[in-house]
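> got a sequence here, can you build the structure:
(one chain, ligands or ions: 1)
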Amino acid sequence: MEGCRLQAHEIACLRGERLLFRGLTLGLKPGEALQVTGANGTGKSSLIRILAGLMRPTSGQVIRRCDIALLDERPALDPDRPLGEALAFWQRMDGGEMPLERLGLDGLLDVPVRYLSTGQTKRAALARMIGQGAPVWLLDEPLNGLDADAVTLAEKLVAEHCASGGIAVVASHQAFALRGMRYLAVEDYVS
Ligand SMILES: Nc1ncnc2c1ncn2[C@@H]1O[C@H](COP(=O)(O)OP(=O)(O)OP(=O)(O)O)[C@@H](O)[C@H]1O
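Now for the predicted structure:
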């Protein structure tokens, strides 16, 4: 993860008729974490999608010098398959280990994905993201639907990722406890 970098230089995002932000610059090195804050609709998810390479910035440049894993509201798990099979599909593709027991998923492997609760689905999405083994984690509202214990676990998993040289960007209007976290308020980049 040593040469890994995630940088955005003077990026702007126009969606429809609305300029969400402009002149936004950020840079993250191994071990660093950033929380993107802002009220609903200010552009947190849009920024995450731009950093992930799923959307082009209207202007400016993004530099990604390593693999990226994205966690958002779409877990990309086949709703008709049992959770174990849906995760095994990604494990074959990605090759990494998923901490199923730690995430409390080991007892749910026979349950079809569509029957999982909101929090269980989020924990499954976390497992999938971890299994990707990517140095950069982009997490869009990772705490939505999690109970207090699962919130603490998610914070711990991100802390461990950064402690081992990973990079994390967390977009959330909720508090995310992480020592050394930096903050970027999208509203500061509204024209
Ligand atoms: N495809 C689109 N075309 C036009 N406008 C869009 C599109 N997708 C999102 N928007 C608008 O862009 C704005 C920012 O959306 P975004 O999802 O990035 O905000 P957010 O800060 O993540 O919000 P929330 O906290 O509610 O998740 C919103 O006003 C939204 O309606």
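
> what are the bridge partners for the residue nearest the centre of the chain, then?
Central residue of the chain (CA atoms, centre = their mean): Leu139, 1.6 Å from the mean position. Note on Leu139: beta-bridge partners Leu71, Val170, judged by DSSP bridges.

> now do the contacts for it.
48, 71, 129, 158, 168-172 (CB atoms under 8 Å, 6 or more residues apart in numbering). C-betas here are computed from N, CA, C, even on glycine.

> what residues sit buried inside the helix ranked longest in the chain?
For the chain, the helix with the greatest residue count under DSSP state H is helix 148-163. By neighbour count, and taking 16 or more other CB atoms under 10 Å as the criterion, the buried residues in helix 148-163 are 150-151, 153-155, 157-159, 161-162.

> which strand or helix spans Ser46?
helix 44-52 (DSSP states H and E).

> pull the CA atoms of that helix into PDB?
Below are the C-alpha coordinates for helix 44-52, written out as PDB (Å, rounded to 0.1, in the frame of the first residue of the first chain):
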ATOM      1  CA  LYS A  44     -21.400  13.700  -0.500                       C
ATOM      2  CA  SER A  45     -22.400  10.700  -2.600                       C
ATOM      3  CA  SER A  46     -21.600  12.600  -5.800                       C
ATOM      4  CA  LEU A  47     -18.100  13.200  -4.400                       C
ATOM      5  CA  ILE A  48     -17.700   9.600  -3.500                       C
ATOM      6  CA  ARG A  49     -18.800   8.500  -7.000                       C
ATOM      7  CA  ILE A  50     -16.300  10.900  -8.600                       C
ATOM      8  CA  LEU A  51     -13.500   9.500  -6.300                       C
ATOM      9  CA  ALA A  52     -14.500   6.000  -7.200                       C
END
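
> who does that helix touch, helix- and strand-wise?
Helix 44-52 sits against strand 6-15, strand 18-28, strand 33-37, strand 59-64, strand 68-71, strand 136-140, strand 167-171, with contacts defined as 3 or more CB pairs under 8 Å, 6 or more residues apart in numbering; DSSP states H and E.

> can you redo the ones you listed as CSV with mean pLDDT and distance to the ligand?
Converted to CSV, the helices and strands packed on helix 44-52 look like this (pLDDT from 0 to 100; distance: least, CB to the nearest ligand atom, whole Å):
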stretch, mean pLDDT, distance to the ligand
strand 6-15, 97, 4
strand 18-28, 96, 5
strand 33-37, 98, 8
strand 59-64, 96, 16
strand 68-71, 96, 14
strand 136-140, 98, 7
strand 167-171, 98, 6
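
> which of those strands sits closest to Met181?
Nearest to Met181 among those is strand 33-37; the distance by CB to CB comes to 5.1 Å.

> before I go, just wanted to say thanks for your time.
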